[in-house]
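J.: test case, fold it:
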Amino acid sequence: MKTTSKAYLVGGGIGSLAAAAFLIRDGGMSGANISILESGSLMGGSLDGAGDAEHGYSMRGGRMLTTDNYECTWDLFKSIPSLTQPGQSVFDETVAFNEKHASNDMARLVDKRRAKVPVASMGFSMQDRLELLKLSNADESELGASRITDHLSPAFFETEFWFMWSTTFAFQPWHSAVEFRRYLHRFMLEFSRIETLAGVKRTVYNQYDSLVLPLQRWLQGQGVQLIDDCAVTGLDHKTEDGEFVVIGLHCTVNGQCETRSLEEGDLVLVQNGSMTDASSLGSMTEAPPKLGKAHNGGWTLWEKLASERPSFGNPAAFNSCIAQSYWASFTVTLKDTAFFDQMQLFTGNEAGTGGLVTFKDSNWLMSVVLAHQPHFANQPAGVQVFWGYGLFPDRVGNFVAKPMADCAGAEILQELCGHLRFDPDTVASANCIPCRMPFITSMFMPRAPGDRPLPVPPQTKNFAFVSQFVEVPLDTVFTVEYSVRAAQMAVYELLGITRAIAPVTPHDTSFHAQFEALLKALK
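T.: Got it, this is the predicted structure:
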């Protein structure tokens, strides 16, 4: 690599931000030679968090973190200074926070009687255990593009385990059996503590404030150019010695078309696809608009590239069925403590010490989580924020006679209070902002080998993919770790970096983890 070589990172999500950091920290590239091109107005991609107390806060979701896994994520954030704790890294700050606020969920499942469901037993029959064991021991090549329902009987999807596992990780019965199997192995430690979520770690604030902003500030300090409102619409490329070489970028910057020419040694890393593409927000009085693939164009560049080269994957495997890849979330801003006070009395958890509370008989399969307050860096005293979501937004509610997808924020609060048997006055001060996400679990869709490209596809010279839609053996999508690991793999391969990438920790080969999981399965 020449000292004047440049890197262009298409998309401003955590994968691109991480890749830029690895280019600088481990590749020795000057930050001034790195440009991150983001079509929206903010960096961070799916790790978002915005708003204020007056207009309401909003975040599409929050990714589960764990310090028992996430090897590449913490390798990165050990290098990124905290914005709130001088002299500490983001990793140090996060560990210290979780030592003070340990998770011990005491109301993981709630039934239609508003009773806490006993979760000491996973609810398995012997048939469930045998089928689950067979699936977990199967080779991925055997599973192919099959669905979870192809391997587990209908009764399995009524077990306490399924309600907890599916709502923790957002699986649906029709999702990929391969991905479900990977989760069983990757998160075997969580199998034995899924009812308390004791293994889940949280950031001090939402993940935009606690992960994206510190990383962004560090990159800016290194001279990285963060360019927003810049959509990359196409790549000019040539074939050189049988290899695909990018030689130019076509962009639309603030509505103006531009072409950026690349020189020898320059690199291009593309975030292919987006799980939050075409997301839309509603309000207390309006449901979110129903957008689709054509509205934002988050899949277009990957579709163009893949149509020319089979090794660049198959986007259609992931973005062709919104009905099977979408759900809805909501963020609630409160200006009094009534709701949080009632939730603490009901669950036994102070905010930030519990986890998801799932209403297992909810037609929407609704869950809520109350994080430690404040949850936003600019959140004033006296204001509280919580988040929730429904896995079945196309179903009519139990207390509101319409699908969740058609509900405004006030109607979602009405449904929530119905399940909790709370007086509506407890949310009298609430501002509930609903969010529709048509592709939020698109990376869980059944897939065949080759549908996801490698981070650095074969026969490419200066090009890589960095996203949730690349193939990273053994690791699990829908995690921050997957994007960061893909970024590290791509950068190291492009630059020939010999520093070892931390392997996926093989908890599934630990006798202790296996024994604990077996004990839990037998209860």
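J.: what's near enough to touch the closest residue to Gly352 other than its chain neighbours?
T.: Once flanking residues are discounted, Gly352 sits nearest to His372: 2.8 Å by CB to CB, 6 or more residues apart in numbering. Bear in mind the C-beta positions are built from the backbone N, C-alpha and C, glycine included. Each residue near His372 by CB atoms under 8 Å, 6 or more residues apart in numbering is listed here: 101, 202, 204, 351-352.
J.: any idea how far His295 is from His372?
T.: Counting by CB to CB, to the nearest Å, the gap between His372 and His295 amounts to 35 Å.
J.: and Glu158, by the same measure?
T.: Using CB to CB, one obtains 37 Å as the distance from Glu158 to His295.
J.: these two: who's more crowded?
T.: Taking other CB atoms under 10 Å, Glu158 and His295 do not tie; His295 has more neighbours (14 against 11).
J.: distance of that one from Pro289?
T.: Between His295 and Pro289 the distance, using CB to CB, works out to 9 Å.
J.: ditto for Leu416
T.: 22 Å.
J.: which one's more surrounded, the two?
T.: When Leu416 is set against Pro289 and neighbours are counted by other CB under 10 Å, the residue ahead is Leu416, at 28 against 11.
J.: list phi and psi for the nearest residue to Gly242 once chain neighbours are set aside.
T.: Excluding its sequence neighbours, the residue lying closest to Gly242 (CB to CB, 6+ apart) is Gln459, at 6.0 Å. Listed backbone geometry of Gln459 is phi 60, psi 40, with angles given as degrees, to the nearest 10.
J.: again with Leu37
T.: Its backbone dihedrals place Leu37 at phi -110, psi 110, with angles given as degrees, to the nearest 10.
J.: which one is it nearest to, not counting chain neighbours?
T.: Excluding the flanking residues, the one nearest Leu37 by CB to CB, 6+ apart is Cys230, at 4.4 Å.
J.: what do you get for Val466?
T.: In space, and not counting its chain neighbours, Val466 is closest to Gly15: 4.0 Å by CB to CB, 6+ apart.
J.: confirm that neighbour sits in a helix?
T.: Yes. The secondary structure assignment for Gly15 places it in a helix, going by DSSP: H, G, I helix; E, B strand; the rest coil.
J.: pretty sure the residue nearest to Gly242 contacts Glu243?
T.: Yes. Counting by CB atoms under 8 Å, a contact exists between Gln459 and Glu243, whose distance comes to 5.2 Å.
J.: after the longest helix belonging to the chain, heading C-terminal, what element do we hit next?
T.: Ranked by residue count under DSSP state H, the longest helix found in the chain is helix 480-495. Sequence-wise, the next helix or strand downstream of helix 480-495 (DSSP states H and E) is helix 511-522.
J.: and that next one, what's its mean pLDDT?
T.: Helix 511-522 carries an average pLDDT of 73.
J.: in it, what's buried?
T.: In terms of neighbour count (16 or more other CB atoms under 10 Å), helix 511-522 has its buried residues at 513, 516-517, 520-521.
J.: ok, Ala107 to Asp361 distance?
T.: Between Ala107 and Asp361 the computed distance is 14 Å (CB to CB).
J.: which of the two has more residues huddled nearby?
T.: For the pair Ala107 and Asp361, the greater number of neighbours falls to Ala107 (19 against 16), based on other CB under 10 Å.
J.: next, the buried residues of stretch 401-421.
T.: By 16+ other CB under 10 Å, the buried positions in stretch 401-421 come out as 403-420.
J.: how about the CA coordinates for that stretch, as CSV?
T.: These are the backbone C-alpha positions of stretch 401-421, laid out as CSV (Å, rounded to 0.1, in the frame of the first residue of the first chain):
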residue,chain,number,x,y,z
ALA,A,401,-58.8,-3.8,17.1
LYS,A,402,-56.2,-3.2,14.4
PRO,A,403,-52.8,-4.5,13.4
MET,A,404,-49.8,-3.0,15.2
ALA,A,405,-48.4,-1.8,11.8
ASP,A,406,-51.5,0.4,11.5
CYS,A,407,-51.3,1.8,15.0
ALA,A,408,-50.3,5.3,16.1
GLY,A,409,-48.3,5.7,19.3
ALA,A,410,-51.4,6.3,21.4
GLU,A,411,-52.9,3.0,20.3
ILE,A,412,-49.7,1.1,21.0
LEU,A,413,-49.8,2.6,24.6
GLN,A,414,-53.4,1.5,24.9
GLU,A,415,-52.4,-2.1,24.0
LEU,A,416,-49.5,-2.1,26.4
CYS,A,417,-51.6,-0.8,29.3
GLY,A,418,-54.1,-3.5,28.5
HIS,A,419,-51.6,-6.3,28.9
LEU,A,420,-50.1,-4.7,32.1
ARG,A,421,-53.6,-3.8,33.5
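J.: which of the helices and strands in this protein ranks last by mean pLDDT?
T.: The least trusted helix or strand in the chain, going by mean pLDDT, DSSP states H and E, turns out to be helix 511-522, with a mean of 73.
J.: and that helix, how far out from the chain middle?
T.: 27 Å (CA atoms, centre = their mean, to the nearest Å).
J.: which elements pack onto it?
T.: helix 126-137, helix 188-191 (3 or more CB pairs under 8 Å, 6 or more residues apart in numbering; DSSP states H and E).
J.: now tabulate the ones you listed in TSV and tack on distance to Gly282 and mean pLDDT.
T.: Conversion of the helices and strands packed on helix 511-522 to TSV gives the following (distance: least, CB to CB, whole Å; pLDDT from 0 to 100):
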stretch	distance to Gly282	mean pLDDT
helix 126-137	38	94
helix 188-191	33	84
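J.: ok so, going back, Arg452 versus the residue nearest to Gly242, what's the distance?
T.: From Gln459 over to Arg452 (counting by CB to CB), the distance is 17 Å.
J.: who's more crowded, the two?
T.: Between Gln459 and Arg452, counted using other CB under 10 Å, the more crowded position is Arg452 (24 against 11).
J.: how many residues are close by the closest residue to that one other than its chain neighbours?
T.: Ranked by CB to CB, 6+ apart and with sequence neighbours excluded, the top spatial neighbour of Arg452 is Glu471, at 4.2 Å. As a burial measure, Glu471 scores 17 neighbours (other CB under 10 Å).
J.: same question for Gly144.
T.: Gly144 is surrounded by 14 other residues when neighbours are defined as other CB under 10 Å.
J.: contacts only, for the residue lying closest to it once chain neighbours are set aside.
T.: Using CB to CB, 6+ apart and skipping the chain neighbours, the partner closest in space to Gly144 is Ala448 (6.1 Å). The contact partners of Ala448, taken as CB under 8 Å, 6+ apart, are 144-145, 314, 317.
J.: what's the spacing between Ala448 and Gln514?
T.: Taking CB to CB as the criterion, Ala448 is separated from Gln514 by 30 Å.
J.: what does Gly255 give?
T.: 57 Å.
J.: equivalent analysis for Leu83, please.
T.: Distance of Leu83 to Gln514, computed by CB to CB: 40 Å.
J.: my read: Ser39 touches Thr233, true?
T.: No. Taking contact to mean CB under 8 Å, the distance of 9.4 Å between Ser39 and Thr233 leaves them out of contact.
J.: more crowded one of the two?
T.: Between Ser39 and Thr233, Ser39 has the larger neighbour count (other CB under 10 Å), namely 21 against 14.
J.: what sits closest to that one if chain neighbours are left out?
T.: Counting by CB to CB, 6+ apart, Ser39 lies nearest to Ala231, which is 3.8 Å off, once chain neighbours are set aside.
J.: tell me the secondary structure at that neighbour.
T.: Note that with three-state DSSP, the state of Ala231 is strand.
J.: report pLDDT for the residue sitting furthest away from the middle of the chain.
T.: When distances to the mean C-alpha position of the chain are computed (CA atoms, centre = their mean), the maximum falls on Asp241, with 38.3 Å. Here, the pLDDT recorded for Asp241 equals 93.
J.: just Thr300 next, same as before
T.: 95.
J.: burial check on it, number of neighbours?
T.: With neighbours defined by other CB under 10 Å, the count for Thr300 comes to 17.
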